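Trainee: generate a structure from the sequence data that follows.
(one chain, ligands or ions: 1)
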Amino acid sequence: MNYQKMCEAADYMRPLLPETPKVGLILGSGLGDLGEKLEEPRRIIPYGEIPGFVCSTAPGHKGRFICGRLSGVPVLCMQGRLHCYEGHDITEVVLPVQVMRLLGVETLILTNAAGGVNLDFKVGDLMLLEDHINFMGRNPLIGKNAPEMGPRFCDMSYTYTPALRKLALEAAQRLGISLRRGVYLATTGPSFETPAEIRAFRTLGADAVGMSTVPEAIAASHCGMKVLAFSLITNMAAGILDQPLTEEEVIEIGQAKGQELQKLVLDILAHLPQA
Ligand code: HPA
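Mentor: Sure thing, here's the model as predicted:
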């Protein structure tokens, strides 16, 4: 963990921000246009401009920070995240989360596109993450610990903050949005899973599978951030339906059903307790 690198990136960004952001948002495939809804004062900072940052190359990911307000709350939004499958080291994938923390962000909201593993799920469902299984074979906290950020051995018992999950369920009820709850299992990708892997993951207790979110949730937990995360089920995982999986369906469903998730996030922000 390179604390100096985090500080350099934060020092670069701090003077560019109109105010201290309270909430960080990482928007997944097809969900990035929530960033367009940010209210003034707004600033855009492309990742490529920030010292030590790498650019995102994934489809549907823009690769920039937008700072502004959503539901009146100062937010810092990552429009496009970094993934291990792009070839980035997992420490590079989580660097933006650590930088957000140094910039004052206390709460991180993560969204992703995921395959439904739970046979009761349907395409277009939204799932609130209650927990995760790290099947990436790597951990962003490996290496020298930065005690300024958090402890060497970081507790993961309450990673997805119970109070925020309660708030999300209340928001869903208010809006009449049905919200599944479940466990997200992360692989590195980029190949989708095999049907046998999906059967195995179901046995392990996974409800959804994807290629992101877990590194960011681990890094956020480590540095004491509250975390809330949602999956949009863009497809049923491999082998459940008698059809191949395509990248296009992930993007299409993300765009079509992403609006509901956006409404949910806006309502949650409007009801966040003032710190
Ligand atoms: N598997 C892994 N990642 C995904 C999937 C999937 O089925 N759908 C969207 N992201």
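Trainee: what sits against F230?
Mentor: Contact analysis of F230 by Cβ atoms under 8 Å, 6 or more residues apart in numbering lists I109, L110, T111, N112, L126, M127, L128, L129, A168, L261, L264, V265. Yep, even glycine has a C-beta here, placed from its N, CA and C like the rest.
Trainee: secondary structure element for the residue in the stretch 51-200 of the chain positioned nearest to the ligand?
Mentor: The minimum distance from the stretch 51-200 of the chain to the ligand, using Cβ to the nearest ligand atom, falls at G115 (2.2 Å). Assigned by DSSP states H and E, G115 belongs to strand 107-116.
Trainee: show me what that strand is packed against.
Mentor: Judged by 3 or more Cβ pairs under 8 Å, 6 or more residues apart in numbering; DSSP states H and E, strand 107-116 is in contact with strand 23-27, strand 208-210, helix 214-222, strand 226-236, helix 247-270.
Trainee: now the contacts of F230 in a markdown table, with pLDDT, neighbour count and distance to S191?
Mentor: Listed next are those as a markdown table, based on pLDDT from 0 to 100; neighbours: other Cβ atoms under 10 Å; distance: Cβ to Cβ, whole Å:
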| residue | pLDDT | neighbour count | distance to S191 |
| --- | --- | --- | --- |
| I109 | 97 | 25 | 28 |
| L110 | 96 | 26 | 23 |
| T111 | 94 | 30 | 23 |
| N112 | 93 | 27 | 17 |
| L126 | 95 | 21 | 25 |
| M127 | 97 | 23 | 22 |
| L128 | 98 | 20 | 27 |
| L129 | 98 | 27 | 23 |
| A168 | 98 | 27 | 31 |
| L261 | 90 | 22 | 26 |
| L264 | 93 | 22 | 31 |
| V265 | 94 | 25 | 30 |
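Trainee: which of the residues you listed are close to the ligand?
Mentor: With the criterion set as Cβ under 6 Å from any ligand atom, no member of the contacts of F230 is near the ligand.
Trainee: let me know the closest of those to E247.
Mentor: N112 (14.4 Å; Cβ to Cβ).
Trainee: before we move on, back to that, what lines up beside the strand holding G115 in the sheet?
Mentor: Strand 107-116 has the following strand partners under DSSP bridges: strand 23-27 (parallel), strand 208-210 (antiparallel), strand 226-236 (parallel).
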